[in-house]
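> what follows is a predicted protein model with its sequence.
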Amino acid sequence: MNDERVEQAKNKIWSELAIIIFCGVALSFLVKTLVFNMNLTECITEYLILIFSPLYQFIRMHMMKISIYSTHVNRQSLKNLIIAIVIVLVASAVSIFKKMKESAVYDWQRPAVFLFIFLVSFISLSFITNKYNRNRGHEYEKEFDDDI
């Protein structure tokens, strides 16, 4: 028989595993695009996982009427997002400059455009879901407060 503590521990383990897998997929995506110079068709699996995992989480939370929005601004999440973007941009710039030094005919525009499209879609999806989640959080509070 499982009590609540065991269920919470299992959920925490699964959550940590999902974060590790997500970070591994992100690292795989960066290595494939920046080091091995692969295009989107060669790393579509990682691309789809990186884009649609947060979207699935958002949809699932909406289905369960859960909002992770809090009344205070979550500065740590914003800080983590900015750090991740800076790391990706610096790694990309270093890789592109290294490739340009190795070959005078290196097509730097393709990986740069590809990375730009990914960053724009990831950041816009993040901001849209956060804004929607904030609005839904207020609606859920009103709905559940009215039930009491």
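Right, received. Where do you want to start?
> residue 42 touches residue 32, doesn't it?
Yes - with contact taken as Cβ atoms under 8 Å, residue 42 and residue 32 are classed as touching, separated by 6.7 Å. No exception for glycine: its C-beta is placed from N, CA and C like everyone else's.
> those two: who's more crowded?
More neighbours sit around residue 32 than around the other of residue 42 and residue 32, counting by other Cβ atoms under 10 Å; the figures are 17 against 13.
> break down this structure into its strands, ranges please.
Taking DSSP state E to define them, one finds no strands in the chain.
> quick one, helices of this structure?
For the chain, the helices identified by DSSP state H occupy 4-30, 44-63, 75-102, 109-147, in order along the chain.
> make CSV out of these and add mean neighbour count.
As requested, the helices of the chain are arranged in CSV below (neighbours: other Cβ atoms under 10 Å):
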stretch, mean neighbour count
helix 4-30, 12
helix 44-63, 14
helix 75-102, 13
helix 109-147, 13
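> let me have the ones you listed in CSV, extended by distance to residue 36.
Formatted as CSV, the entries for these read as follows, by distance: least, Cβ to Cβ, whole Å:
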stretch, distance to residue 36
helix 4-30, 10
helix 44-63, 12
helix 75-102, 10
helix 109-147, 11
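> need the ones you listed in TSV (columns: distance to residue 38 and mean pLDDT).
Written out in TSV, the entries for the helices of the chain read as follows (distance: least, Cβ to Cβ, whole Å; pLDDT from 0 to 100):
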stretch	distance to residue 38	mean pLDDT
helix 4-30	9	88
helix 44-63	10	83
helix 75-102	12	75
helix 109-147	9	76
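> can you tell me how far residue 83 sits from residue 135?
From residue 83 over to residue 135 the distance is 27 Å, taken as Cβ to Cβ, to the nearest Å.
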